[in-house]
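sequence unknown, structure follows:
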């Protein structure tokens, strides 16, 4: 079945530093979604990318979808303590429209 | 935006008993809902797709007789963990959406502890 790999598993940064997480799929994706899960919380939808080479920005967050639609990245500029959490990428797979999640990247910020 | 309500938030039960978890879409109708399981510091694993008015679709390796899913209305899906055992202890989360292009809204999750 489809697999979605995500690295790194953990990322420690100093507050104010940038952060990037990468996602790679074994197959071409029709779309990719990104979610954020705060410690003890539930995943919250951030964005969906659909087009090849697409780049979308949300304030300090930049999302990219690769030309081959097999990889994606999330970049956070100048991290803040509120950015702490686990960031998951997810692609279509399983069930009707169920999602296959990457393992997630745990972002830890040191003040 | 879309709101998905999940109850209970946490439950502790004795081994051998059954536990029911409810997932409701509050401001939209959901013909399809999804149930995930998440172990500590791990990813979400899709367990099954809940289909309103028909049988659920289970992912490979998920026991359908163990995890009973009922989706009797357009706003409610339930997951019953039958004859629970300590290894069933986990975080169970449901999700629904207004369309695959709009992302999915997750419930707040249910932390199940079987003792």
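Looks like it came in fine. Every value quoted in this text rests on a predicted model; they were computed, and no experiment measured them.

residue contacts, the residue most central in space within chain B?
Nearest to the geometric centre of chain B sits residue B:35, at 3.7 Å (Cα atoms, centre = their mean). Taking Cβ atoms under 8 Å, 6 or more residues apart in numbering or on different chains, we find residue B:35 in contact with B:23, B:46-50, B:67, B:69, B:77, B:79, B:92-94. Placement of C-beta: from N, CA and C, glycine included.

Residue B:22 bridge partners, please.
residue B:7, residue B:78 (DSSP bridges).

Would you mind confirming that it is in contact with residue B:11?
No. At 11.4 Å, residue B:22 and residue B:11 do not qualify as touching, with contact defined as Cβ atoms under 8 Å.

Look up how far residue B:87 lies from residue A:91.
Look at residue A:91 and residue B:87: by Cβ to Cβ, to the nearest Å, they are 28 Å apart.

more neighbours, the two?
The neighbour comparison of residue A:91 against residue B:87 (other Cβ atoms under 10 Å in any protein chain shown) goes to residue A:91, with 25 against 8.

For that one, pull up the helix or strand it's in.
If you go by DSSP states H and E, residue A:91 is part of strand A:85-92.

on that earlier part again, please read off the pLDDT at the residue nearest to the centre of chain B from the model.
What the model reports for residue B:35 is a pLDDT of 96.

And for residue B:2?
What the model reports as pLDDT for residue B:2 is 85.

Run through the bridge partners of the residue lying closest to residue A:30 once chain neighbours are set aside.
Using Cβ to Cβ, 6 or more residues apart in numbering or on different chains and skipping the chain neighbours, the partner closest in space to residue A:30 is residue A:92 (5.7 Å). Per DSSP bridges, the residues bridged to residue A:92 are residue A:99.

Next to chain B in this structure, residues from chain A, please.
Applying the criterion Cβ under 8 Å from any Cβ of the partner chain, the portion of chain A that neighbours chain B consists of A:1, A:31, A:33, A:35, A:41-48, A:50, A:88, A:92-104, A:106.

ok, 10 Å please
By Cβ under 10 Å from any Cβ of the partner chain, the residues of chain A that approach chain B are A:1, A:4, A:6, A:9-10, A:30-31, A:33-35, A:37, A:39-48, A:50, A:86, A:88, A:90, A:92-104, A:106.

Low-confidence regions, the chain specifically.
In the absence of a named chain, chain A is used. Across chain A, residues meeting the criterion (pLDDT under 70) sit at A:1-2, A:94-97.

my question was about chain B
For chain B, applying pLDDT under 70 flags the ranges B:98-101.

How are the strands of it distributed by residue range?
With DSSP state E as the definition, chain B shows strands at residue ranges B:4-7, B:10-13, B:19-25, B:32-38, B:44-51, B:57-58, B:67-73, B:76-81, B:90-96, B:105-106, B:110-114.

For the residue sitting nearest the centre point of chain A, which non-adjacent residue is spatially closest?
The residue at the geometric middle of chain A, judged as the C-alpha nearest the mean C-alpha position with Cα atoms, centre = their mean, is residue A:89 (4.0 Å). With sequence-adjacent residues excluded and distances taken as Cβ to Cβ, 6+ apart, residue A:89 is closest to residue A:23, at 3.6 Å.
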